[in-house]
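**Q** Sequence and predicted structure, then a few things I'm wondering about:
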Amino acid sequence: MPWYPKSEIYPEYRGKLYCREERNGVTIQRSYVWIRPQRSFRDRGLFEVSFVVLSFLQALRGWKPDVILLTIPGLPVAVPAALLSWVYQVPLVLNLQDILPDAAVHVGLLTNPKLIRVFEGLETFAYRSATKISVIADGFTKNLLAKQVPAEKIVEIPNWVDTNFIKPLPSSPNYFRRDYHLEDKFIALYSGNIALTQGLETLIQAATHLHSFPDIAIVIVGEAKALAKLQAYCDQQSATNVQLLPFQPREKLPEMLAAADVALVMQKRNVIAFNMPSKIQVLLASGRAIIASVPATGTAARAIQTSGGGLVVPPEDPNALAQAIADLYHDPQQIARLGQQGRQYAEKHYAFEEALDRYEQLLTSLISQRSPLSKTASFS
């Protein structure tokens, strides 16, 4: 059942173990998951177990698929997916959006040695049982090859962005600037997830170095509970030039992004190298100049630099981040150039149609080559 981003099941889906619905001609089967706004270790475990068990039973009640496409995280669901591949004797495509447990261990979310070994075993099982593994960036490929995953199993397909929906728009007139009294400001915007890996405290510290520029506003858009914690930190740092705002309706996303003079991507220095924030594609498509406070050797930095759509500064360095914002504040021509280059790159490399074609080619090739079970899954 839908539960993101508030970590609670949407009202219309509550009280149901299973449901079936149709959207745009697609039949969707849903199952209950255990989800709580404040997730303890126990709650995280129950979330995984509830989905593993209930989704498997729900899938058995459905139709026989031609191919199974499984998105990870999380890892435990690889077990029922492999079983379904065996039951139906169909190919299994594993779509990696993150690599676990590497990412969780790297940032300190997973520290118990026994649990780490369990998740490493699940990871190995997931890779062996998959017919193909689609990854979203080259950093993922390098990680898998180092783990002895056969190169022929791996297919790189970047996450896409709808470049017809997310596109450059004029910054004025603009509802976001008007509604939040930002009409005359130079806006440095961060919008998205606020968690352990983002390190938005660095952005707030950078804001304190920009008080001499009264026209510059640091705007952070995110989930309400996370914003409350950041507000306390803003008060502590006397960061009066930071404005914290709630998530906007999806249909207003292009206009919200257009309100920004520069867009921000934030990571901590301990973020694992292959991490690729999905917001990068969106920001490039919006034609906003990007300042990325990310590790220089990581996938995110490489994507920004290759696109020509932004600047990369060292992570957790508020002085460098403030300087980059101030530099672009004084250089509107560079802002325009970065935005144009980013948009062109997004149209060429991250367009929805391009990614969709590549997924279609992958899935149809597997269906046409369908082979006995011994060739589609290995449980050794």
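**A** Here it is on my side, so go on.
**Q** Verify the contact between residue 346 and residue 160 for me.
**A** No - in this structure, residue 346 is not within contact of residue 160 by CB atoms under 8 Å, at 9.5 Å. To be clear about C-beta, it is placed using only N, CA and C from the backbone, and glycine gets the same treatment.
**Q** So for these two, which sits in the more crowded spot?
**A** residue 346 (25 against 21; other CB atoms under 10 Å).
**Q** Can you give me the distance of the more buried one to residue 105?
**A** To residue 105, residue 346 is 32 Å away according to CB to CB, to the nearest Å.
**Q** residues contacting residue 200?
**A** When the contact criterion is CB atoms under 8 Å, 6 or more residues apart in numbering, the partners of residue 200 are 190, 194, 220, 230, 266.
**Q** Swap in 6 Å and give it another go.
**A** The neighbours of residue 200, taking CB atoms under 6 Å, 6 or more residues apart in numbering as the test, are 194, 266.
**Q** where's the biggest helix by length in the chain relative to the chain centroid, distance-wise?
**A** Of all segments of type helix in the chain, defined using DSSP state H, the longest is helix 41-60. From the chain centre to the centre of helix 41-60 is a distance of 22 Å (CA atoms, centre = their mean, to the nearest Å).
**Q** which residues of the stretch 251-380 of the chain fall in strands?
**A** 262-266, 289-293, 310-313 (DSSP state E, counting those that start in this stretch).
**Q** For the stretch 101-250 of the chain, which segments count as helices?
**A** 102-106, 113-129, 138-146, 175-179, 200-208, 224-237 (DSSP state H, counting those that start in this stretch).
**Q** What's the mean pLDDT across stretch 122-133?
**A** Across stretch 122-133, the average pLDDT comes to 96.
**Q** Tell me the spatial nearest neighbour of residue 315, not counting adjacent residues.
**A** Leaving aside its chain neighbours, residue 315 sits nearest to residue 269 (4.4 Å; criterion: CB to CB, 6 or more residues apart in numbering).
**Q** number of nearby residues for the one you found?
**A** When counting by other CB under 10 Å, one arrives at 15 neighbours for residue 269.
**Q** hang on, it packs against residue 316?
**A** Yes - between residue 269 and residue 316 there is a contact under CB atoms under 6 Å: 5.1 Å.
**Q** Deepest in the core, which of the helices of the stretch 101-250 of the chain is it.
**A** helix 200-208 (a mean of 23; mean count of other CB atoms under 10 Å).
**Q** so that helix versus helix 224-237, what angle?
**A** For helix 200-208 against helix 224-237, the angle by axes from the mean of the first three to the mean of the last three CA atoms, to 10 degrees is 40 degrees.
**Q** how far out from the middle of the chain is helix 200-208?
**A** Per CA atoms, centre = their mean, the centroid offset for helix 200-208 relative to its chain is 22 Å.
**Q** hey, C-alpha coordinates of that helix in CSV?
**A** C-alpha atoms of helix 200-208 as CSV (Å, rounded to 0.1, in the frame of the first residue of the first chain):
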residue,chain,number,x,y,z
LEU,A,200,21.7,19.8,5.3
GLU,A,201,23.4,21.2,8.4
THR,A,202,26.2,22.1,6.1
LEU,A,203,23.8,24.2,4.0
ILE,A,204,22.5,26.0,7.1
GLN,A,205,26.1,26.7,8.2
ALA,A,206,26.8,28.0,4.7
ALA,A,207,23.8,30.3,4.9
THR,A,208,25.4,32.0,8.0
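**Q** in stretch 216-224, what's buried?
**A** Buried residues in stretch 216-224, counted by 16 or more other CB atoms under 10 Å: 216, 217, 218, 219, 220, 221, 222, 223.
**Q** pLDDT value on the last one, please?
**A** Each residue has a pLDDT score; the one for residue 223 is 87.
**Q** Quick check, it in contact with residue 5.
**A** Yes - here residue 223 lies in contact with residue 5, judged by CB under 6 Å, at a distance of 5.3 Å.
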